[in-house]
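Asker: Have a look at this fold, sequence not included:
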């Protein structure tokens, strides 16, 4: 398969390239050339910009395109219009944040989608991110005549993750000692290893699957406690989990999902209970959690010692919160 990837050098894009090469596909990458310039020297690279710099794609033909970096409907519309007659199939990396009500348990692909009062808005915020992705999906469907697949991804984790929204936990637990564990131990969580979503996306593109698929894992109920326990087992640390309830966390203005990755208030249960059966029925397979944790730890160890974390609590903030929690609970 001749495959065009918009992006292809950061995190999921990088994993998609690796998966496609493993399966013997012929690749072309289109991006601004600003990240990973030395990656994949064997692959054709076209340099351009989604905002007014698509001309390098004109007159070319591929079997399919995978769009890893579409966030603004206007720009996604431009790429889809240009490629409508140049590719047979368009795969778009979307998000489970497209859904309107993430307080709902068991959201599936038919659940209501988010909307924007002003559809000309292009600023990406926590409130606009999901609805903007909805408009991107719609722009692609219109241009491609429904020859499109929308990969509604859950939280993507694993090696090369620039967000630290999972990496924090394996690293923090490996350090040992008293670990602030957020919310209820039995709170359900979901995420997917970047390599697993990449492999499924390439396979789904080969099969020309169309429509939306919720692509997240696992295919069983995973709790925060089980995940943290797995981190401890992999790192063989002496971590002791101190479960701090969400009322305390909210009172102290702890940001869900960023300062304490994977944790959201109980009312946002939809984040951890998305119905992913359709993707598993279509061949999604996930690796063992312990493998994701181990590989994430090994990759984290290659980062500079002075790396500035983008997610998670600083040691000082965690210690401060644990001290306050002990005084509330009257623990020694």
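Answerer: Here it is on my side, so go on. A quick note: this is a predicted structure, and the numbers were derived from the prediction, not measured.
Asker: Only C-alpha atoms from now on, for both contacts and neighbour counts.
Answerer: Fine.
Asker: Tell me the spacing between residue 258 and residue 168.
Answerer: 10 Å (Cα to Cα, to the nearest Å).
Asker: Compare the two (neighbour count), which wins?
Answerer: residue 168 (23 against 19; other Cα atoms under 10 Å).
Asker: can you pull the contacts of the closest residue to the more buried one other than its chain neighbours?
Answerer: Excluding its sequence neighbours, the residue lying closest to residue 168 (Cα to Cα, 6 or more residues apart in numbering) is residue 312, at 5.8 Å. Shown in contact with residue 312 (Cα atoms under 8 Å, 6 or more residues apart in numbering): 164-165, 168, 258-261.
Asker: in a helix, that's where residue 312 is, yeah?
Answerer: No: checked against DSSP: H, G, I helix; E, B strand; the rest coil, residue 312 lies outside a helix; its state is coil.
Asker: Low-confidence regions, the stretch 201-332 of the chain specifically.
Answerer: Low-confidence segments of the stretch 201-332 of the chain (pLDDT under 70): 330-332.
Asker: Name the surrounding residues that touch the host helix or strand of residue 229.
Answerer: Assigned by DSSP states H and E, residue 229 falls within helix 224-235. With contacts defined as Cα under 8 Å, 6+ apart, helix 224-235 is touched by 169-170, 173-174, 184-189, 238-239, 289-290, 293-294.
Asker: ok, now which ones touch the closest residue to residue 162 other than its chain neighbours?
Answerer: Nearest residue to residue 162, sequence neighbours excluded (Cα to Cα, 6+ apart): residue 11, at 7.3 Å. If a contact means Cα under 8 Å, 6+ apart, then residue 11 has 159-162, 194 as its contacts.
Asker: How about residue 182?
Answerer: Taking Cα under 8 Å, 6+ apart as the contact definition, residue 182 lies against 243-246, 249, 260, 263.
Asker: And for residue 190?
Answerer: Counted by Cα under 8 Å, 6+ apart, residue 190 has contacts 154-155, 216-218, 222, 271-274.
Asker: how much space between it and residue 160?
Answerer: Going from residue 190 to residue 160 by Cα to Cα gives 19 Å.
Asker: quick revisit: can you list residues touching both of residue 258 and residue 168?
Answerer: Listed as contacting both residue 258 and residue 168 by Cα under 8 Å, 6+ apart are 311-312.
Asker: that older thread, quick one: distance of the helix holding residue 229 to the chain centre.
Answerer: 20 Å (Cα atoms, centre = their mean, to the nearest Å).
Asker: what's the angle from the helix or strand following that helix to helix 224-235?
Answerer: Sequence-wise, the next helix or strand downstream of helix 224-235 (DSSP H and E) is strand 240-244. Relative orientation of strand 240-244 and helix 224-235, computed by axes from the mean of the first three to the mean of the last three Cα atoms, to 10 degrees: 160 degrees.
Asker: List the buried residues of strand 240-244.
Answerer: 241, 243-244 (16 or more other Cα atoms under 10 Å).
Asker: can you check stretch 94-112 too?
Answerer: Buried, per 16+ other Cα under 10 Å, within stretch 94-112: 94-109.
Asker: Stretch 60-72 too?
Answerer: Quick answer for stretch 60-72 (16+ other Cα under 10 Å): 61-62, 64-72.
Asker: From the contacts of residue 11, pick the one nearest residue 118.
Answerer: Closest to residue 118 out of those is residue 162 (30.5 Å), distances taken as Cα to Cα.
Asker: pLDDT wise, what is the closest one at?
Answerer: Turning to residue 162, the model gives it a pLDDT of 94.
Asker: tally of neighbours for it?
Answerer: Residue 162, neighbours per other Cα under 10 Å, totals 14.
Asker: That one sits in which helix or strand?
Answerer: Short version, using DSSP H and E: residue 162 is in no helix or strand.
Asker: thinking again about what came up before, just the buried subset of the contacts of helix 224-235, please.
Answerer: Neighbour-count burial within these applies to 169-170, 173-174, 184-185, 187-189, 239, 289-290, 293-294; the criterion is 16+ other Cα under 10 Å.
Asker: Filter those residues down to the ones in helices?
Answerer: Secondary structure from DSSP state H places 169-170, 173-174, 289-290, 293-294 of these in helices.
Asker: Quick one: the strands in this protein, in order.
Answerer: Along the chain, the stretches classed as strands by DSSP state E are 2-6, 26-31, 44-47, 64-67, 89-95, 148-153, 156-157, 178-182, 192-193, 211-215, 240-244.
Asker: Can you give the strand pairings for the third one, parallel or anti for each?
Answerer: Looking back up the chat, that one is strand 44-47. strand 26-31 (parallel) (DSSP bridges).
Asker: how much does the strand it pairs with deviate in direction from strand 2-6?
Answerer: Using the same axes, to 10 degrees: strand 26-31 against strand 2-6 is 20 degrees.
Asker: residues in contact with strand 26-31?
Answerer: With Cα under 8 Å, 6+ apart, strand 26-31 has contacts from 1-8, 17, 20-21, 43-49.
Asker: could you redo the last one with a cut-off of 10 Å?
Answerer: 1-9, 13, 17, 20-21, 40, 42-50, 53-54, 56-57, 62, 65-67, 69 (Cα atoms under 10 Å, 6 or more residues apart in numbering).
Asker: so what's residue 311 up against?
Answerer: Per Cα under 10 Å, 6+ apart, neighbours of residue 311: 162-169, 255, 257-261.
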